[in-house]
Each structure stands twice: as structure tokens, then as C-alpha cells.
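> Pasted the sequence and its predicted model underneath.
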Amino acid sequence: MSFPVVKGTAYALVHAGSMLLYQGSTQMTERLKNAQSDHLRELPAHLRKYEDAVGYPPNQAYIGNITPDELKEIPRPWHENPAAGAGRDGKYGEIMPEDEFFGLMKIVDSFDLVMLEEAFQDAVKEKLQAHQILKDIRDINKLEGTACSAAEIQTLVAEHGAQPLYSGGKPAGCVKKAHEFDEALSSEVMLGNLANKASAVLALRLLLAKTDLRPEEVDYIVECSEEACGDMNQRGGGNFAKAIGEMCGCINATGSDTRSFCAGPAHSLVEAAALVQSGIYSNVVVVGGGSTAKLGMNSRDHVKKGLPALEDMLGAFAVHISANDGASPVIRTDAIGRHRIGSGASPQAVMTAIVTDPLDKIGYKITDIDRYAPELQNPEITEPAGAGNVPLANYKMISALAVKRGDLQKADLMKAVDSFGMPGFAPTQGHIPSGAPFIGHAREMILEGKIERAMIIGKGSLFLGRLTNLFDGVSLIIEKNSGRGADTEDAGFDEEQARGMIAEALRDFAKAFKG
């Protein structure tokens, strides 16, 4: 068996303060109930500046400028202790300001739904034409025409149901509805879908720029966000994947969308690994864009506690899975964890299905995994809302299972948590936190010999769709490459050794027969 490898990763964040205010689902619901509420009145004072978002330590960990271990050493609250030397650009990606992102949304818009104010558009065009990754993107010339006046934008919003875009407190543009009556093509849905597409395009462009993968070499794209594109006759029919690939010049690729709430990225990584290992495709990219609906989900609690509105980041990522190159970390396709329909919904049952069951298949103990990456939500976001430290709760459960199985002494339970765990550093974008943010760090740590293997864990809440009460979960192990390449990945010996052993066996057989 020749295991596929993780050949490269890229990560992007978009600071989206005004989108939090106007397109986050919590605020949109509040505005429908009571547009004059205390929350909506107080929230603007809690929005962060772009510079504060860039300096925020978890965001620097997300784009690779600091490691999760280094993040652990920075005192909390992190929003009061910015990372030293923080910058927009990182080893794995970048943090984009909102004004540039609005320009990118217009570039990726194929149906002239994004309208920008003329002066704003001119300023953004200049910035994106100087952007190292985007300056030669397809359709950048869309920023050279079809601009609107501020009055025209206000009319589209007030009288035609367009979604407003603000920058610096001033109208910067809007997103129009794509159909007069189809709710699946409403301005709200189209804005969310275009933001997802634009952030995913940014992540894929970053991947292509930071690795030796060329656009025309991409065979298949799996898109794994939580958004759904389609019209009233096929809501969620897709296809984000090909739309993203088109913008990135992946002319030889096809693709499809995979959905499973927060577990979507883990499912997609497994699918990508299977497609490569089977030989159907050589280069598969898994990509996920950001979710505007999840901006400011917990902002009520943040405002009440006098905190910044920390859920102001759209997250995106791209991972390149390819055939075994003899060097890059492999995905152990013989040890995929899965929460079966009959697995049960208790935390122990879920963890047994997606952690210990796959380890048992290949004879590993829980302690043989150097790092676990489950639900990496930033605790500084979830704790004020009463959800606790989600990653820590997962690590404690894994460690408790290790004690129960005899892999670990009870006295060492918290020591193990500290050893194989890490602080959550992902924005609460639903699908983004579930393991994917650590893949870049894991790959680098394995290549540098700091760890041997890591487990990526995705978990999903299927009951949110109101069709079942089931949970979901998928896991995969990323491991150091044996260096033996595709032909002898798990043979344990090379071809010359094999010939020698066969020859020796034949001689022994001949002697026995002669005797």
C-alpha cells in the first residue's frame, strides 16, 4: 500500500468587522427583532481595528508566524498581549483587511452582484494591483468599471433589498439579490456565498504561491465549507469547488462540494486521500472558505463582559494531497476513524469511535500519537459564552480513555494533556476549527523531526439540520514518511532484499527436496 501525502498547506484570515455588524446571523436576527436594541447600539464600540486583529496571537498562530506551543506561552487574555513582531503575512498565509476583501469579492463575482462605491473601488483597485498573490488574478479588471455613487448604493439597499457593505463607517458598496423571488438567491445568501468563494480563492492562490504546485497540475478540488449554493430547485446543489478552481487557473481540474457541518474538512481530507491512493487523481486540493453567518455569534456575551468582539475573522484554508513522494508526511488510510450511525452520542462513545478504534487497527496506543487536533476553537471566544475550553475538554477525554485502556497512569493524566494538546487558535467558523488549522504546523513539525505523528479530528453536529439527532466524527493520522517511496511504502524491505529472501527460500526448498 502506498499512502498519499500532505504536500502543502495555506491559511487565510479576513478581518471582517463591519460584516460582523451587518451580516453576522446573531446581529441580523437581533435587527429583525429590535433594531434599537442595547446590543446593536453597544456593539460598534467593541469592534477591533485591523491592526489589533493582526497582532492577536491566535491569528498569528493560524497563519504560521508562531506555533501553538509558542501561543501557549503568551499570557491570557491574548487580546491584551499582542504577539511581538506580528505581521500581515505569515509562513502559511496572510490576514487580509476588509476593504481589500470587498474588492476580491467583486473580482470573483460572475453575475455583477457586487457593487462598489466609485472612490472606494479606485482605492481598493490600487491595493489589489500591488498584492503579491492577487495582482495577476483573473478578472481583476472588474475593478475598473461598473462603480456606483453612494446615493445609488443607498437606494439599492433601501429599496431593492441589497446587503450593505461598509468601510470605515461609510457605505462602500452592496451585494444585490440574484433573483426577485428565489430565497436561495437572496442578497443575504449571495453575499455569504461570494464571501466564501473569495476567501477560498485567496487560500488556494496562497497555496499555489507557497508551494511548487502549478494550477494546471490540480486534478480535483474538494470544497468543504458550510455554505450552500444553488437555486430554489436545487438548494445546496453546488459547485463551489469548480468556481474556486476557475478563478485560480486550475483548467484541468474538476471537483465537488462535501458537507457535514464541522466535520466536513475531515471527511474531505479522507476523500482526497482515497482519490489519490486509488490512482484516480494525482493532485487533489481540499479547500474551505469562510462563513459570514458565524461572525459575532457570541458577541452578546463578549459585549456584556466588556470584551472585544473577537469573532471578527473569516477563516479559510487549502491543503494539497498528492501521491507519495517519499518525503512528505503520509495520511494513514488504514487507520481512518469514523463515528458510525450506531456508535452512540456520549462523549466517550464518540471519542472511542474516532480515536481509539482507528489506533487499535494499526496497533497504536493513545500515547503513540504526539499531537491531537480536535475542535481547535479559541477558548477566549467560547469561555465568555459559557461553552468552556473546547479543545481542553477533548484532550481530557482522550487522556481519560488512555488511563482506562492502560496506556497511561492516572497520575499522568494532565501531564499527557499538556504533552499532546495545544491551545485552540482557530476562529469559530464552524468547519474551520476541526483539526484543519493544525495540518500546516503538523506537517512542518514532522518534517523537522519534532514529532512522528498527529491525529486530525473533525466532529459535527448533524442535529442542526433538524433531520436527525446524530453526531458525526472523522479522524485521520498524519505520520512521518518512511522514505521508501510509492513502491515499497509498507513492505519493510527493498526489492533487492526481497529477491535475496526468495532465492534463499528456493535453495532451502531444493535441499529439502533433494534430501
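Cool, got the structure.
> okay, now residue 200: neighbour count?
By the criterion of other CB atoms under 10 Å, residue 200 has 31 neighbours. (Glycine included, C-beta is placed from N, CA and C.)
> err, residue 170, not the other one
Residues contacting residue 170 under the criterion other CB under 10 Å number 11.
> how about residue 314, phi and psi?
phi -80, psi 130 (degrees, to the nearest 10).
> Correct me if wrong: it contacts residue 426.
No. Judged on CB atoms under 8 Å, residue 314 makes no contact with residue 426 at a distance of 11.9 Å.
> I'd like the average pLDDT over whichever strand or helix holds residue 316.
Take DSSP states H and E as the rule and residue 316 turns out to sit in strand 313-322. In this model, strand 313-322 carries a mean pLDDT of 98.
> What pairs with it, parallel or antiparallel?
Note on strand 313-322: by DSSP bridges, its sheet partners are strand 5-15 (antiparallel), strand 283-288 (antiparallel).
> which secondary structure elements does whatever helix or strand comes next after it contact?
Using DSSP H and E, the helix or strand that directly follows strand 313-322 along the chain is strand 330-331. Applying 3 or more CB pairs under 8 Å, 6 or more residues apart in numbering; DSSP states H and E, we find strand 330-331 packed against strand 5-15, strand 471-479.
> Now mean neighbour count too, for those strands, in CSV please.
Below are these laid out as CSV (neighbours: other CB atoms under 10 Å):
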stretch, mean neighbour count
strand 5-15, 28
strand 471-479, 25
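> Select, out of the ones you listed, the one closest to residue 457.
Using CB to CB as the measure, strand 471-479 is the one of these that comes nearest residue 457, at 4.6 Å.
> picking that back up, can I get the CA coordinates of the strand holding residue 316 in PDB?
C-alpha atoms of strand 313-322 as PDB (Å, rounded to 0.1, in the frame of the first residue of the first chain):
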ATOM      1  CA  MET A 313     -12.400  36.900  11.300                       C
ATOM      2  CA  LEU A 314     -13.400  34.900   8.300                       C
ATOM      3  CA  GLY A 315     -11.200  31.800   8.100                       C
ATOM      4  CA  ALA A 316     -10.100  29.800   5.000                       C
ATOM      5  CA  PHE A 317      -7.500  27.100   4.200                       C
ATOM      6  CA  ALA A 318      -6.200  24.900   1.400                       C
ATOM      7  CA  VAL A 319      -4.400  21.500   1.700                       C
ATOM      8  CA  HIS A 320      -2.700  19.700  -1.200                       C
ATOM      9  CA  ILE A 321      -2.900  15.900  -1.100                       C
ATOM     10  CA  SER A 322      -0.700  14.100  -3.600                       C
END
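> Please name whichever of the strands paired with strand 313-322 is nearest to residue 436.
strand 283-288 (7.0 Å).
> As a check, name the ranges of all strands in the stretch 401-515 of the chain.
For the stretch 401-515 of the chain, applying DSSP state E, counting those that start in this stretch gives strands covering 453-461, 471-479.
> Any idea which of these gets closest to residue 386?
strand 453-461 (16.6 Å).
> Quick one: closest of the helices and strands packed on strand 330-331 to residue 349.
Nearest of the helices and strands packed on strand 330-331 to residue 349, taken as CB to CB: strand 471-479 at 9.0 Å.
> and the closest one, what other elements does it pack with?
With contacts taken as 3+ CB pairs under 8 Å, 6+ apart, strand 471-479 sits against helix 264-277, strand 330-331, strand 337-338, helix 439-447, strand 453-461.
> Just the CA atoms of the fourth one, as PDB, please.
Read it as helix 439-447. Taking C-alpha atoms only, helix 439-447 is exported to PDB below (Å, rounded to 0.1, in the frame of the first residue of the first chain):
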ATOM      1  CA  ILE A 439      -2.200  20.400   9.500                       C
ATOM      2  CA  GLY A 440       0.400  23.000   8.400                       C
ATOM      3  CA  HIS A 441       2.100  23.000  11.800                       C
ATOM      4  CA  ALA A 442       1.900  19.200  12.000                       C
ATOM      5  CA  ARG A 443       3.500  18.800   8.600                       C
ATOM      6  CA  GLU A 444       6.300  21.200   9.500                       C
ATOM      7  CA  MET A 445       6.900  19.500  12.900                       C
ATOM      8  CA  ILE A 446       7.100  16.100  11.300                       C
ATOM      9  CA  LEU A 447       9.500  17.200   8.600                       C
END
